[in-house]
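J.: I'll drop the sequence and a predicted model, then ask my questions.
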Amino acid sequence: MSEDRIVVGQIAGAFGVHGEVRLKSFCAEPADIADYVPLTDAAGRTYDQIVLTGAAKGVLIARVSAVTTKEQADDLKGTELLAERSRLPALPDDEFYHADLIGLTVVDTGGAELGRVKAVHDHGAGDLLELVLPGATATVLLPFTRAVVPTVDLTAGRIVADPPAGLLPGPDPEH
């Protein structure tokens, strides 16, 4: 994915039979997704218009450019919608777009590598960084709080973390 585009939402499937879609917004204010049009998808399709028509269980209901049938809406299920970074607001120093965190190296406070950020998740209780451990395919979830992650240095491409004891695999220092 290009660094000049950010995933701002995902189509979750059809809503009804007239071409409306269920839309997951990844924006701080979910309805703001409609302000960032035109949006594109990974295949290069452009969505020039998004009209929000309602909300249902954690998603927005919307009409999307050129989608007029349930079948067209169903075909878009899982489609990520990307906005040009230049259209998005600048963030305060202590906030980050998830896309900017993915791929960063995570080190402990002593500089030892803990892993790389594979994904950022938010299940309602705050963001979690999914780390791929060095030399492994296993992943671990790291709370993305100021206490656990005191430093994010986008310029250097690294995150400094102080994970709670026992969170990461390795020798148990108490035994």
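T.: Structure received. Please read all numbers here as calculations on a predicted model, not as lab measurements. Numbers count the residues shown, from 1 in each chain.
J.: got any ranges where this protein has weak pLDDT?
T.: 1-3, 170-175 (pLDDT under 70).
J.: show me where it has helices.
T.: For the chain, applying DSSP state H gives helices covering 70-75, 98-101.
J.: tell me the most buried of those?
T.: Ranked by mean neighbour count under mean count of other Cβ atoms under 10 Å, those are led by helix 98-101, which reaches a mean of 18. (Glycine included, C-beta is placed from N, CA and C.)
J.: which secondary structure elements does that helix contact?
T.: Where contact means 3 or more Cβ pairs under 8 Å, 6 or more residues apart in numbering; DSSP states H and E, helix 98-101 is packed against strand 5-15, strand 113-122.
J.: let's see 6 Å
T.: strand 113-122 (3 or more Cβ pairs under 6 Å, 6 or more residues apart in numbering; DSSP states H and E).
J.: if I pick residue 97, what's in contact with it?
T.: Going by Cβ atoms under 6 Å, 6 or more residues apart in numbering, residue 97 touches residue 6.
J.: could you chop the chain up by domain?
T.: 5-87, 98-161 (automatic domain parsing).
J.: any idea which of those is most buried?
T.: domain 5-87 (a mean of 16).
J.: first-to-last residue distance for that domain?
T.: Domain 5-87 has an end-to-end distance of 9 Å (criterion: Cα to Cα, to the nearest Å).
J.: excluding sequence neighbours, find me the nearest residue to residue 169.
T.: residue 133 (7.0 Å; Cβ to Cβ, 6 or more residues apart in numbering).
J.: which residues touch the residue most central in space within the chain?
T.: For the chain, the residue nearest the mean C-alpha position is residue 98 (4.8 Å; Cα atoms, centre = their mean). Counting by Cβ under 6 Å, 6+ apart, residue 98 touches residue 120.
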